[in-house]
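Chemist: model the structure of this input:
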Amino acid sequence: MTKEEILQKVVERIKDNEYDHEIETFLKRKEVNTDEFKSIIETARALVLEERLKVMPKRNLSVFVLFLILAIATIYFFAYYLPETNVHQSKTILSIVGAAIFCFLSFLAVAYYGTWKPQFLKHRDKPRIEFPLMTLMLIPGIIVYFIFSLCFSNGADRILKATQVDAVGTVVDGGVTEVKRVLRSGGASFASITVEFETKDGKTVRATEDISSYRFKDFYLGQELNIVYSSEDPSNIDLLIDDESIKELKNTQQRDFTPNDLLTLMTTKKENIKAALNDISFGWEQKSDAWMNEKSKSALMINDAEVRLITTFDKTNSYPATLEKMGFKKIETNNGKKADKIEILFGDKLYENDMYYFQIKTVVSSGQQMSVVLVNKK
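Modeler: You can find the predicted model right below:
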């Protein structure tokens, strides 16, 4: 075999992405002097590089950009687009699929990075993909999975808030799952409950909601709960069982009444009272002449001349100091009187300014210490 033929064979082997030691083994079989190995290989690489530089930089850069764009598109699709659709029930499998696709495309993008440069093309025309190395993407994949899962949860919450319908659900099932650590003692626990409710169109739905394990003991079979569900997907629900979820879903402040609130209610139009009350705390309903809130154990009676608040004692114990800061003066009163079914424990606290009287009574009703606050125009 002539030197030209040997050189051509080396060129072909370089194009086949053989390593130098494989080419040297070939040259040994052809009984080429070892001193010539380096010059033959370098000459062959120069010929190959000249040919590759005509096509490969553009092709390899295009492949890299393609994989990079697809990886970015995967992020958009699984982190932004899909979470805004009603697919929250499949969020676990979708998060796994999305993380796997993203990791695969990212791995290929990294493999093709820099393959358009002459330094690389001098040795190979494209990367040698070692798929076992994809195990290095395991930790990034887990991180991406949790990011996608969080995006699906947040998307479901946004849809629920925009399409929410109130309902009363009955607890029909629930449980706690314990996850033990393998290498250390202890572990974690996850809890959920299933509620059954009827939608506005009469459809009976069962839906499961995750809850914290420490709150699981507060629920029991047959318990009725205030819930909201999505009109677009009734299986997308939330339980109105804590102030944080109520604040988020109902745009309410979820706080106690202040003296200023009671003064504002004196001048609030009747048609705006419910909105004003629910802006302070959720759950107010009108029953006869009173507004009731079972969750906060409070009641309100409002007319043109008086606002009367009945609530638990702890919600009003700051009123005296607040009223004095607002410029109200305390008036000393004589007490020791009784009213129907209500026994006065302490003397009434009476405050006034130029326009209003504030009277605070502490009473016992059904064995519970309560406060009655009356606001009257002068």
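Chemist: drop to CA atoms for contacts and neighbour counts, all remaining ones
Modeler: OK.
Chemist: give me the three-state assignment for the closest residue to residue 58 other than its chain neighbours.
Modeler: Nearest residue to residue 58 in three dimensions, chain neighbours excluded: residue 116, at 6.9 Å (Cα to Cα, 6 or more residues apart in numbering). Three-state assignment for residue 116 (DSSP: H, G, I helix; E, B strand; the rest coil): coil.
Chemist: tally of neighbours for residue 116?
Modeler: 23 (other Cα atoms under 10 Å).
Chemist: over to the one 4 residues further on?
Modeler: As a burial measure, residue 120 scores 15 neighbours (other Cα under 10 Å).
Chemist: list the buried residues of the helix or strand hosting it.
Modeler: Element membership of residue 120, judged by DSSP states H and E, is helix 118-121. Going by neighbour count (16 or more other Cα atoms under 10 Å), the buried part of helix 118-121 is 118, 121.
Chemist: contacts only, for the residue nearest to residue 58.
Modeler: Residues in contact with residue 116, defined by Cα atoms under 8 Å, 6 or more residues apart in numbering, are 56, 57, 58, 59, 60, 61.
Chemist: hey, where'd the helices end up in this structure?
Modeler: Under the criterion DSSP state H, the chain carries helices at the ranges 3-15, 20-29, 37-76, 91-112, 118-121, 138-163, 243-250, 259-266, 273-280, 319-325.
Chemist: pLDDT averaged over the fifth one - what is it?
Modeler: To tie it back to what came earlier, the one meant is helix 118-121. For helix 118-121, the mean pLDDT works out to 83.
Chemist: gap between it and the chain center?
Modeler: 46 Å (Cα atoms, centre = their mean, to the nearest Å).
Chemist: in this protein, what spans have low per-residue confidence?
Modeler: 180-187, 333-347 (pLDDT under 70).
Chemist: let's see that with 50 instead.
Modeler: 182-183, 335-346 (pLDDT under 50).
Chemist: show me which strand runs longest in it.
Modeler: strand 164-180 (DSSP state E).
Chemist: circling back: tabulate the helices of the chain (JSON lines), appending distance to residue 188.
Modeler: JSON lines is the format used below for those (distance: least, Cα to Cα, whole Å):
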{"stretch": "helix 3-15", "distance to residue 188": "55"}
{"stretch": "helix 20-29", "distance to residue 188": "53"}
{"stretch": "helix 37-76", "distance to residue 188": "30"}
{"stretch": "helix 91-112", "distance to residue 188": "19"}
{"stretch": "helix 118-121", "distance to residue 188": "49"}
{"stretch": "helix 138-163", "distance to residue 188": "17"}
{"stretch": "helix 243-250", "distance to residue 188": "23"}
{"stretch": "helix 259-266", "distance to residue 188": "44"}
{"stretch": "helix 273-280", "distance to residue 188": "36"}
{"stretch": "helix 319-325", "distance to residue 188": "43"}
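Chemist: among those helices, which is nearest residue 230?
Modeler: helix 138-163 (4.9 Å; Cα to Cα).
Chemist: quick one, the closest one and helix 37-76 angle?
Modeler: 20 degrees (axes from the mean of the first three to the mean of the last three Cα atoms, to 10 degrees).
Chemist: span of stretch 113-129 from start to end?
Modeler: Stretch 113-129 has an end-to-end distance of 12 Å (criterion: Cα to Cα, to the nearest Å).
Chemist: give the buried residues for it.
Modeler: Neighbour-count burial for stretch 113-129 [16+ other Cα under 10 Å]: 113, 114, 115, 116, 118, 121, 122, 123, 124, 125, 126, 127.
Chemist: from the residues you listed, pick the one nearest residue 327.
Modeler: For these, the nearest to residue 327 is residue 113 (72.3 Å; Cα to Cα).
Chemist: give me the nearest residue to that closest one, chain neighbours excluded.
Modeler: Per Cα to Cα, 6+ apart, closest to residue 113 is residue 64, 6.2 Å.
Chemist: for the stretch 201-350 of the chain, what spans make up the strands?
Modeler: 204-211, 224-230, 237-239, 285-287, 290-293, 298-302, 306-312, 329-331, 338-339, 342-344, 349-352 (DSSP state E, counting those that start in this stretch).
Chemist: tell me the most buried of those?
Modeler: Most buried of the strands of the stretch 201-350 of the chain, by mean neighbour count (mean count of other Cα atoms under 10 Å): strand 237-239, with a mean of 22.
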